[in-house]
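[1] Here is my input; please provide its structure:
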Amino acid sequence: MKTNVCECPDRVAVTGVLGYSGRYMARKLVNRGVGIVGLTNSVGKPNPDGWRLSPLCWDDPVALAESMRGCRALINTYWVRFNSRWFSHAEAVEHTRVLFEAAAKAGVERIVHISITHPDRDSSLSYFRGKAELERMLESQDIPYSVLRPAVLFGERPGEDILINNMAWVLRNFPVVGIPENGEYRLQPIHVEDLAALAVREAMAEGGENRVIEAVGPEAYTFRGLFAMLGEAIGVKRPVLSVPPWCAFAAARVMGAFHRDVMLTRDEIRGLMEDRLYVEGAVPAGFSRLSSWARRHAQELGRSYACEMARRRVER
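    You can find the predicted model right below:
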């Protein structure tokens, strides 16, 4: 039985409740007896949890503010993975500015914002540059905030995440794996449940302290080492060869085209190779180990391709 938003003394607005991480965050809030205002771009999508939804009215800030009125916090997972003809990082930055300003007008007491490891205003990569712009925006707002900086998400069911599942899919379907250059750049994956628990904790926190948290898991892998671990977990070991970045991108583009998807972009390859998904000396904020999870889900992990574009279809 779902918690009725109107019956709860506390309410939290969550973007992306029909998506990946936002869904887990909303469920944890409901389990704590907190009401949900689900903000979404896709009110027509299936809503298996029965959330009460409000559209993200980017062109109507007054309506957007009204949808958050009475909420103690906003958890923002809204973003886009890459630039396309339908959406872009620049557009996502502008939309999020509207969202933050609407939250302020609604009297929201705290914003919990999902960012990325190593946001950088001077980066040539629009993903990391855009995330840095949003963090600066929060600093200028007169609302206490928590910024969570995850690198890569995994769990809970195989195929919900993109990167980890599709790495296992490549291992299952190709006799050899090619990775950009030496593959010694690193990643620190965090389980989606751990990130959700962290976001809920911050949303319900008292006081006006601003916090920036490196939301990384307890294990770190090189990209090459991650393929090796996944191959061992699912029982499919393949040779992992170093190839030029353009070659890795071309292969990803062909595989993506076959699935009418974008498997990996040039910028994502550059972000990996610049070691942006690893934070030296970070204290792990998550507890679940990717290696243990991969072994538990070995039979189904990577059995089918996880299509990003199929999930992000919006009314156009």
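
[2] Below-threshold pLDDT in the protein: ranges please.
    1-9, 311-316 (pLDDT under 70).

[3] switch to 50 and redo it
    1-6, 314-316 (pLDDT under 50).

[4] quick one, domains of it?
    Taking automatic domain parsing as the reference, the chain has its domains at 5-152+189-213, 156-187+219-311.

[5] Please identify the buried residues of stretch 181-192?
    181, 183, 185-192 (16 or more other Cβ atoms under 10 Å). Quick note: C-beta positions are derived from backbone N, CA and C, even for glycine.

[6] Take those residues and keep only those in strands.
    Residues of the buried residues of stretch 181-192 located in strands (DSSP state E): 186-187, 189-191.

[7] Need the residues you listed in a markdown table (columns: distance to Asn173).
    A markdown table is the format used below for these (distance: Cβ to Cβ, whole Å):
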| residue | distance to Asn173 |
| --- | --- |
| Arg186 | 25 |
| Leu187 | 22 |
| Pro189 | 22 |
| Ile190 | 26 |
| His191 | 25 |
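
[8] For Arg129, state which of the residues you listed is nearest.
    Leu187 (20.2 Å; Cβ to Cβ).

[9] quick one: contacts for the closest one?
    Leu187 makes contact with 151-152, 220-223, 226, 272, 277-278 under the criterion Cβ atoms under 8 Å, 6 or more residues apart in numbering.

[10] change it to 10 Å
    Counting by Cβ atoms under 10 Å, 6 or more residues apart in numbering, Leu187 makes contact with 117, 151-152, 163-164, 216-217, 219-223, 225-226, 272, 275-278, 290.

[11] Any idea how far the helix or strand where Arg172 lies is from the middle of the chain?
    Taking DSSP states H and E as the criterion, Arg172 maps to helix 163-173. Taking Cα atoms, centre = their mean, to the nearest Å, one finds the center of helix 163-173 at 19 Å from the center of the full chain.

[12] Ok, stretch 258-276 next?
    15 Å.

[13] distance between the ends of that stretch?
    29 Å (Cα to Cα, to the nearest Å).

[14] now Ser242, what's its secondary structure?
    At Ser242, secondary structure determined by DSSP: H, G, I helix; E, B strand; the rest coil is strand.

[15] pretty sure it is touching Gly183, no?
    Yes - using Cβ atoms under 10 Å, Ser242 makes contact with Gly183 at a distance of 6.4 Å.

[16] residues shared between the contacts of the two?
    Common contacts of Ser242 and Gly183, defined by Cβ under 10 Å, 6+ apart, comprise 224, 248.

[17] that older thread, what about the contacts of Leu187, which are in helices?
    The members of the contacts of Leu187 that map onto helices under DSSP state H are 163-164, 223, 225-226, 272, 290.

[18] re the thing from before, which of the buried residues of stretch 181-192 sits closest to Tyr145?
    Ile190 (19.7 Å).

[19] What residues are bridge-paired with that closest one?
    Judged by DSSP bridges, the bridge partners of Ile190 are Leu153.

[20] And it, how far from Arg69?
    From Ile190 over to Arg69 the distance is 32 Å, taken as Cβ to Cβ, to the nearest Å.

[21] again with His118
    To Arg69, His118 is 35 Å away according to Cβ to Cβ.

[22] Ok, Val147 next?
    24 Å.

[23] So for the two, which sits in the more crowded spot?
    Set Val147 next to Arg69 and count neighbours by other Cβ atoms under 10 Å: Val147 wins out with 23 against 14.

[24] In a strand, that one, correct?
    Yes - counting by three-state DSSP, one finds Val147 located in a strand.

[25] these two touch, right, it and Gln141?
    No - checked against Cβ under 10 Å, the pair Val147 and Gln141 is beyond contact range at 11.9 Å.

[26] Next, show the common contact partners of these two.
    Listed as contacting both Val147 and Gln141 by Cβ under 10 Å, 6+ apart are Ile111.

[27] Neighbour count and distance to Trp86 for the ones in helices among the contacts of Leu187 - can I get that in CSV?
    Output for these, formatted as CSV (neighbours: other Cβ atoms under 10 Å; distance: Cβ to Cβ, whole Å):
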residue, neighbour count, distance to Trp86
Leu163, 20, 21
Ile164, 26, 25
Phe223, 21, 29
Gly225, 16, 35
Leu226, 25, 30
Leu272, 24, 24
Leu290, 26, 31
